Each structure stands twice: as structure tokens, then as C-alpha cells.
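Peer 1: what shape does this take:
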Amino acid sequence: MSRTPILSASRKDWIATGVITAVCALAVGGAYFTSDIRSAALTTENTPGDVEVQVLAEAPNKLAEAYTLDNAGVPGEHKPLVTAGLVVTNDARTVHATNQDGSEAWSYSRKNDDICSLGTAWNKVVVTYRTGVGCGDVVSIDAATGQYANTRSAINSEDVVSVTSNDRIGTVSTDRIDLWRSDLVRTVEYGDVEAPQEPDMQPNADCTISSALTRTENVALTESCPNESGTWMRLMKGTPEDSRKPEVTTNVQLPEDGARLVAIGQEAATAYVPGPTPALRSFDKTGTETATRTVAESPAVTEGTTPFAPATADLPHHMTWFDGTRLYLFTPTELKVDRVFEDAIGTPVAVGERMLMPTDKGIAVVDWATGETERTIPVDRGGYSGPVYLAMAGTTIVESRGAQTVVLAAS
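Peer 2: Residues are numbered from 1 along each chain as shown. Take a look at the predicted model:
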């Protein structure tokens with residue numbers, strides 16, 4: 001019976017093995033030393049932890065400035081970013097989370113990458129960075145603990161605008177829309193996809209997206225397409241069977257160019273339609289027009305960039321949009337204009353059973369059921385005269401004033 005010979009390694013084999021090992025080590029080391037992970041720093045200082053956040057039960061009698069934070073902001077974000085009682089701000093490469101007392105809870109920064117978009121959902125802070133894959137490097141951080149939650153990296157456009165709801169977060173550019181669920185797994189991919197894995201997955205890849213909004217399972221967009229006049233308004237599912245293949249439920253062709261989304265509900269969406277007689281037009285998932293109203297020209301739309309990101313905010317019984325001059329309140333289902341406030345200078349926030357609305361004189365306390373302004377809380381904004389957007393962080397009211405975020409304490 002013959003035996004299988006025992007193979008011994010020669011000197012050449014050992015040299016070859018050593019070379020391969022060295023090359024692999026260099027490759028791994030090079031990847032580490034040039035990676036975005038190595039250039040990232042997550043620093044926790046004074047995190048609140050997973051505790052119940054106390055909020056204002058009713059509109060305060062007075063407000064006093066507690067502290068001011070510099071905030072570069074990101075395209076498409078108007079109102080202050082707040083979550084878990086924290087105020088979230090950013091500069092070019094760093095995200096800061098600040099406690100109600102002004103102390104820093106945590107920060108996250110990249111050494112070499114610029115921030116593209118920033119948003120909050122699911123009690124997390126989600127930030128995208130511009131790297132070698134465009135604005136496709138994403139990290140989410142648990143707001144209360146300052147710990148990493150999820151990451152993703154995929155090809156995306158170079159310039160994007162945030163798209164955020166309580167259930168989805170993502171980005172939109174003139175080329176494409178990407179939406180992710182809470183674990184950052186993509187649920188919707190729409191538009192001009194680079195290097196698609198399969199043909200005929202995208203129905204309108206040659207169109208230019210001009211705005212997008214989402215709420216629960218409803219995703220809406222406007223876009224213009226080659227050799228077609230006017231603007232297409234499309235509604236699609238938030239969770240299609242295959243994220244790479246959008247499931248468009250409604251296509252509405254608006255005859256005017258330049259229409260932009262300004263509100264969205266679970267079953268409908270509203271577009272501002274420019275022209276000699278501007279109008280707000282709402283359509284549901286069947287394509288039925290649920291509401292229309294002639295309105296004044298919106299400086300926010302006419303002077304806005306593309307993709308357009310409307311200044312919106314939610315109330316318990318209304319969706320709101322600030323058009324650059326006035327505030328609209330929409331009913332939640334049909335998205336019918338319920339009230340218009342000409343003295344607003346930004347988006348409101350709900351406190352108890354009242355709407356707090358920024359005005360030139362301070363913050364108006366409004367009964368949204370009647371539209372009556374019951375009183376105004378004086379706020380000294382110094383020489384600032386631009387738009388003001390409100391949010392509530394715990395028991396503080398937060399104002400976004402251009403490049404500054406101002407926290408007001410109740411007294």
C-alpha cells in the first residue's frame with residue numbers, strides 16, 4: 001500500500017508566504033490609516049442617559065435667554081434639531097449635542113470629511129458625510145447615550161438635502177432619493193442610480209427631482225422630465241417589495257413649471273404651484289385632488305434652490321408650512337388650508353394645547369382651534385430680523401435664528 005507523501009515547505013515557499021503576509025498587512029493597515037473610521041471621533045461628556053424627558057405642559061408666562069450656540073446648519077433644515085431633550089447643532093465636520101443646562105452631552109467629528117445632511121428620528125441623530133462615494137457615508141448615534149447605533153456606506157450624490165419624518169430619514173438630490181429605516185437599511189431608492197444591478201428598475205431615471213417629502217408609508221416628490229412641460233407630482237410607497245424598484249401609486253402632471261412640495265400627510269401631499277395666480281393643490285394616493293386654494297406668491301419657493309426643502313412643522317391637529325412671509329396650517333387628511341397667519345416669521349411648536357408661533361414681537365400663544373392669539377411672550381432678539389423657527393427641548397424653547405441656535409428658559 002502506497003503512502004501519501006508528506007509535503008514540506010521549501011525556502012521559496014516560506015519567502016512567498018512572507019511576501020503575501022506582508023502585502024496583506026500593508027493593505028489592511030493602509031485601509032485603516034486612510035479610512036473614515038480612523039478619522040472619526042465620538043466623545044461623550046455628560047450624557048443624560050435613557051431617562052424620561054420632562055417637557056413643558058403649557059405655554060410659559062415668560063422666557064429668558066439661557067444660552068446661544070453657533071450652528072452652521074445643513075441644506076434643507078430650518079427648525080432647530082432636538083431629540084431626547086438635547087439640542088443638536090453642527091459646524092463643517094462636527095455634530096454637537098447639548099444638554100438643557102448648556103453643557104455638552106457628546107460630539108461626533110470627522111477629521112477629513114464634511115457634513116452633507118443632518119437629522120433626527122427614533123431618538124437618534126443621523127449624519128451623512130461627503131467621502132469618496134458622495135454623500136453616502138452615514139452614521140446614527142443614540143442621542144441619550146452618545147453611543148454608536150448604526151452605519152452605512154453607499155454611493156450617493158455629491159450635494160443632497162435632508163428628508164426626514166418620524167419613520168424615515170434620508171437624502172434627496174436632483175438625481176435621486178434615498179430613504180432609510182431605523183437601522184439605516186435602505187427602503188426606497190428612486191431616480192438616476194449609478195451602476196444599477198438590474199435594468200428597468202427605475203421608471204423615471206432621466207427626470208430632475210425638485211422636491212421630496214415623506215410621512216409613514218407615503219413618499220412624495222416633484223420632478224421635471226425631458227421633452228415634457230410642467231411638473232410631475234408622484235406619490236409612492238415607503239416600503240416597496242424591493243427597495244431598488246419604486247412602487248409609484250400616483251402620477252399627477254401639473255401644467256406649470258416650478259411646482260414644489262410644501263406639505264405631506266399619510267394619504268396625500270400638497271404642492272405650491274407658481275404662476276400668475278399661485279395656488280396650493282393637494283392630491284391623495286388615488287390622484288384625486290382633495291383641496292385647492294389660490295394664495296399669494298411664496299418668496300421661499302421663488303427664491304429657493306433645487307431641490308427645494310420647505311420649512312415645515314407638525315402640530316397635533318395640523319401640518320404647517322412657512323412660505324417665507326406667512327404661515328399655513330393644513331388639515332391632516334385632505335391637506336386643506338385651515339388657517340393662515342400673516343404675522344408669523346417662521347414655523348411654530350406645540351406646547352400643551354396651544355401653538356407657539358414666532359413673530360416680530362416675540363412668541364405668540366395661539367389657540368389653533370380658533371386661530372385666536374391669546375397673548376405674546378416678549379423675546380428680545382437683539383438686532384436679528386430674519387426668519388425664526390421654533391422647537392422644544394425638554395422644558396426649554398429653542399429658536400433657530402440664522403447661524404445661531406438660541407435656547408430660552410421658561411420663568
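Peer 1: in a strand, Ala350, correct?
Peer 2: Yes: checked against DSSP: H, G, I helix; E, B strand; the rest coil, Ala350 lies within a strand.
Peer 1: pretty sure it sits against His318.
Peer 2: No: using Cβ atoms under 8 Å, Ala350 makes no contact with His318, being 9.1 Å away. From N, CA and C alone the C-beta is placed, and that goes for glycine too.
Peer 1: is it true that Leu81 touches Gly119?
Peer 2: Yes: at 7.1 Å, Leu81 counts as touching Gly119 under the criterion of Cβ under 8 Å.
Peer 1: give me the common contacts of these two.
Peer 2: Residues touching both Leu81 and Gly119 (Cβ atoms under 8 Å, 6 or more residues apart in numbering) are Val125.
Peer 1: and Thr17, what pLDDT?
Peer 2: Thr17 carries a pLDDT value of 50.
Peer 1: can you report how many residues neighbour Ile345?
Peer 2: Using other Cβ atoms under 10 Å, Ile345 has 21 neighbouring residues.
Peer 1: for the chain, what spans make up the helices?
Peer 2: 11-34, 299-302 (DSSP state H).
Peer 1: tell me the buried residues in the last one?
Peer 2: Of the residues in helix 299-302, 300-301 count as buried by neighbour count, 16 or more other Cβ atoms under 10 Å.
Peer 1: and the contacts of that helix?
Peer 2: With contacts defined as Cβ under 8 Å, 6+ apart, helix 299-302 is touched by 258, 260, 262, 272, 274, 308, 310-311, 322-325.
Peer 1: what's the ChimeraX line that selects buried ones from the residues you listed?
Peer 2: Command for ChimeraX that selects the buried part of the contacts of helix 299-302, burial taken from 16+ other Cβ under 10 Å:
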select :258,260,262,272,274,308,310,311,322,323,324
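Peer 1: taking the contacts of helix 299-302 one by one, which sit in strands?
Peer 2: Those of the contacts of helix 299-302 mapping onto strands are 260, 262, 272, 311, 322, per DSSP state E.
Peer 1: export the residues you listed to a markdown table and tack on distance to Ala149 and pLDDT?
Peer 2: Below are the ones in strands among the contacts of helix 299-302 laid out as a markdown table (distance: Cβ to Cβ, whole Å; pLDDT from 0 to 100):
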| residue | distance to Ala149 | pLDDT |
| --- | --- | --- |
| Arg260 | 32 | 99 |
| Val262 | 31 | 99 |
| Tyr272 | 35 | 99 |
| Ala311 | 28 | 99 |
| Phe322 | 31 | 99 |
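Peer 1: tabulate the residues you listed in TSV, adding columns for distance to Leu335.
Peer 2: As requested, these are exported to TSV (distance: Cβ to Cβ, whole Å):
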residue	distance to Leu335
Arg260	14
Val262	9
Tyr272	12
Ala311	16
Phe322	16
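Peer 1: Asn112 and Ser39 touch, don't they?
Peer 2: Yes: under the criterion of Cβ under 8 Å, Asn112 makes contact with Ser39 at 5.1 Å.
Peer 1: hang on, the earlier thing: now flag whichever of the contacts of helix 299-302 is closest to Ala105.
Peer 2: Ala311 (26.5 Å; Cβ to Cβ).
Peer 1: measure the closest one to Ser298 for me?
Peer 2: Noted for Ala311: a distance of 11 Å to Ser298, by Cβ to Cβ, to the nearest Å.
Peer 1: go on, Lys285?
Peer 2: Taken as Cβ to Cβ, the span from Lys285 to Ser298 is 25 Å.
Peer 1: quick one: the strands in the stretch 201-350 of the chain?
Peer 2: For the stretch 201-350 of the chain, strands defined by DSSP state E, counting those that start in this stretch occupy the ranges 208-215, 218-224, 231-237, 248-254, 260-264, 268-273, 279-284, 289-294, 311-314, 319-322, 327-330, 337-341, 349-351.
Peer 1: got the angle between the second one and strand 260-264?
Peer 2: It stands for strand 218-224. Strand 218-224 runs at 170 degrees relative to strand 260-264, counting by axes from the mean of the first three to the mean of the last three Cα atoms, to 10 degrees.
Peer 1: partner strands of strand 218-224, parallel or antiparallel?
Peer 2: Strand 218-224 pairs in its sheet with strand 208-215 (antiparallel), strand 231-237 (antiparallel), by DSSP bridges.
Peer 1: quick one: closest of those strands to Thr396.
Peer 2: Closest among the strands paired with strand 218-224, using Cβ to Cβ: strand 208-215, at 26.6 Å.
Peer 1: pretty sure Phe341 is touching Glu372, no?
Peer 2: No: the pair Phe341 / Glu372 is not scored as a contact, 11.1 Å apart, by Cβ under 8 Å.
Peer 1: anything in contact with each of those two?
Peer 2: By Cβ under 8 Å, 6+ apart, the residues touching both Phe341 and Glu372 are Val366.
Peer 1: of these two, which one has the most company?
Peer 2: Between Phe341 and Glu372, counted using other Cβ under 10 Å, the more crowded position is Phe341 (20 against 9).
Peer 1: apart from its neighbours in sequence, what residue is nearest the more buried one?
Peer 2: Among residues not flanking Phe341 along the chain, Leu327 sits closest, at 4.3 Å (Cβ to Cβ, 6 or more residues apart in numbering).
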